[in-house]
Structure formats: structure tokens, C-alpha cells
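Asks: Starting from these lines, generate the structure:
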Amino acid sequence: MLTFPLRFGIRHGLAAGLLLGVVSGVRAQDVFFSQPFATRLHTNPAFTGLVDDYSVTLGYRNQFPSLAGSFITGQLAADVRLNTKGQHHALGLLINQDRTGSVGYTRFEAGALYAYHTRLTPQLALSGGLRASYGRQRVGYDNFVFGDQILEDGSVAGPSAESLSFPPANYLSLGTGAVLYTEQAWLSVAGQHLNRPDLGFRNQSTLPISFNVSGGYKFFMVKPSTGIAVREVSFTPVASYTRQGSSQRIETGAYFLASPVTLGAVYRNISAPGNVNPQNLLAVVAGVQAGGLRVGYSYDVGLTQLSADLGGAHELTLSLSAFDRLENAYRRLKKRVYPTAPCPVF
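Replies: Numbering: from 1, shown residues only. The predicted model follows:
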């Protein structure tokens, strides 16, 4: 038997219990981001090398910030499009770490990505990607109080006699995906954890396959030209559907770009079959780009009581990237260039 420290309160204990249920193996789930295009390698390995010649992105997400021991995710992503004949090949690296203080839970995952780009027609291109990741998951119980530690007067003393020997779980995860795109539209399909890795500590607990389909269309009001100094004004509606195990997530929203500022709003519905109380959130996104530097911030606003009680989420991304527009213009003249991927960058 275990109890949560009294300082958590009822609401905090409930949220920590929900997190523990995820960790202990009934239904393990992936973290999701409110800036899916800044963290696009997490969504689909086929985005590797698709938006920039190369980029390095740092991401930070603090979910349930109003709770003690909120769920925190850090991400490092990097990709490069190889300057080989035809520029077909791209390589990437993706590192994620999830942790929460309330249950002493950490999950570390490092993956290598590869994407192959090809042009199907002068206006239509296809990118296919693969991802292989090594993961390590562990749980510590330093923040828990067990029944045998509570004295008659209610004070806590001594170590627990409970068995706390839970060796870390190591696993291999495989994923794949494809992106079909023109200069104004894209469609992304991806599957992660295709081998259903086991994350259990004592009992088997498989990580369900995650399936995602997303897309969007960019309407140009001012279309960027070739060269160094470019200006763009555009409006991009987006939609996404993700299913993992028994849960599903539906997202619809739009981004408005007036260089160098991007503003976006995405409605998110998270539910499970038979769940009469789905989570409804609105993610508000703002980003600015100065040369090769991009900074984005988003906040999840809870639209239902549970979402509001959990406290939403803060998310921050920082990206350094390069895209040679003059070289791109030269390749366009030689008809050896791919369409520019139209997806947002935040």
C-alpha cells in the first residue's frame, strides 16, 4: 500500500495517480507537442531534411504545471539534407526525455532517422522516412509514503519494507512515415512503435502502435520570391488525427504568417472509446523568425473542467536552421529542385 504526501491535495494526488497508471503499464502513451511542426521529426521521420537544408531544434514542454511534480519533456532534434546528386537523402537525430517528480518517472529515448526525397512530377514530391530508437524507462519511489511508514500519531518515520527493486526497462522502437506535398499542400502519414516494444518492469506492458495522419493547405496572400530578402503573408488551416491504443486525439486549427511573425490556434480533443469526459484544449501558438533563428511559444488552455484542473501546458522551442535560397533558385532554373514544403515551422 502507498499514499501520496498530504501536500499534494486531492486533485494533485489524482493526477499523480493517473500518471502512475500510465507508467506502471496498463496503457503507456507517447507525449505530444503543441508545436508539432517545430517538433516535426517526433511526428514523422519523413520530415527529416524536408523544411531546411539543416536544422537543430531544442524543445521544452511543461505539462500540468499547476501540479507538484509536473510532467516535463525535453527534446533535441537535428536533421541535414545531404548535398549529394539529386539531394535524395537526409539524416536526423531525435532525443527525448520525459520525467515527472510526482512518481519519480523518467523515460529517455534516442533515435536515428533517415529520409529519402523524390520528385514525382514538377509540382508533386514524396518523402519517405524511417526511425529506429533506443529507449530506457525507470521509476523511483522516493516521493511516496507507504503504509508501514505511518505511525499512530500520523507522523512518517523509517524506510518502508515494501520491495522497491524495479530495474529499468530497455527497449527498441521502430517507426516509419511518408509525406506527400506540393508548394501549397501536404499530407503526412506515420506509424511509430511498429514492433510494440515492452516497457514493463515486472509484468509485460507493450507500448501501443501510434498512428498519425495530418495535413494542411497554405493560402498565399503574399508569396515569397527567390533571393535573400523574402516576405510572406499566408494562412494555413491544418488538421490531424492520432490513435494510440485505446486513445485518440483530433486536432484542427490554423496558422497565420506575416513574416517574421507566426500566430496559430489549434483545438484538441483527447478521448478514449466509451469515455464520456474527453479533454478539450485550445493551444495558442506564437513564433518569430530572424534569419536562421526561430523561437516559438505555446500554451494549452483547458476548455473542460479536468483539463483546466490539470493546468494546461507551457511549451518553448528554439531552432537554428539554414536554407540556401540562392542555390534553391539556381536548382529551380536547372529543374532539379523539389517543391518547398508548405507546412508551418511552429
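
Asks: Show the pLDDT at the closest residue to residue 99 other than its chain neighbours.
Replies: Of all residues not flanking residue 99 in the chain, residue 106 sits nearest, at 4.4 Å (C-beta to C-beta, 6 or more residues apart in numbering). Where you see a C-beta, it was placed from the backbone N, CA and C, and this is true even at glycine. On pLDDT, residue 106 comes in at 86.

Asks: how deep is residue 106 tucked in, by neighbour count?
Replies: As a burial measure, residue 106 scores 17 neighbours (other C-beta atoms under 10 Å).

Asks: Check the gap between it and residue 210 for me.
Replies: Counting by C-beta to C-beta, to the nearest Å, the gap from residue 106 to residue 210 is 20 Å.

Asks: Likewise for residue 294?
Replies: Note on residue 294: its distance to residue 210, by C-beta to C-beta, is 26 Å.

Asks: One more: residue 130?
Replies: According to C-beta to C-beta, residue 130 and residue 210 sit 15 Å apart.

Asks: of those two, who's got more company?
Replies: Using other C-beta under 10 Å, the more surrounded residue of residue 130 and residue 210 is residue 210, with 22 against 17.

Asks: Which residues are in contact with residue 300?
Replies: 34, 63, 268, 281-283, 307, 312-313, 315 (C-beta atoms under 8 Å, 6 or more residues apart in numbering).

Asks: Let's see that with 7 Å instead.
Replies: Counting by C-beta atoms under 7 Å, 6 or more residues apart in numbering, residue 300 touches 34, 281, 283, 312-313.

Asks: ok so, going back, quick check: which element contains the residue nearest to residue 99?
Replies: Using DSSP states H and E, residue 106 sits within strand 105-119.

Asks: and that strand, which strands flank it?
Replies: Strand 105-119 has its sheet partners listed here by DSSP bridges as strand 89-100 (antiparallel), strand 125-139 (antiparallel).

Asks: quick one: contacts of that strand?
Replies: 19, 23, 41, 45-46, 48-49, 87-99, 125-139, 338.

Asks: Buried by neighbour count, from those residues: which ones?
Replies: Taking 16 or more other C-beta atoms under 10 Å as the criterion, what is buried in those is 19, 23, 41, 45-46, 48-49, 87-94, 96, 98-99, 125, 127-133, 135, 137-139, 338.

Asks: which residues does the closest residue to residue 278 other than its chain neighbours form a beta bridge with?
Replies: Nearest residue to residue 278, sequence neighbours excluded (C-beta to C-beta, 6+ apart): residue 271, at 3.4 Å. Taking DSSP bridges as the rule, residue 271 bridges to residue 248.
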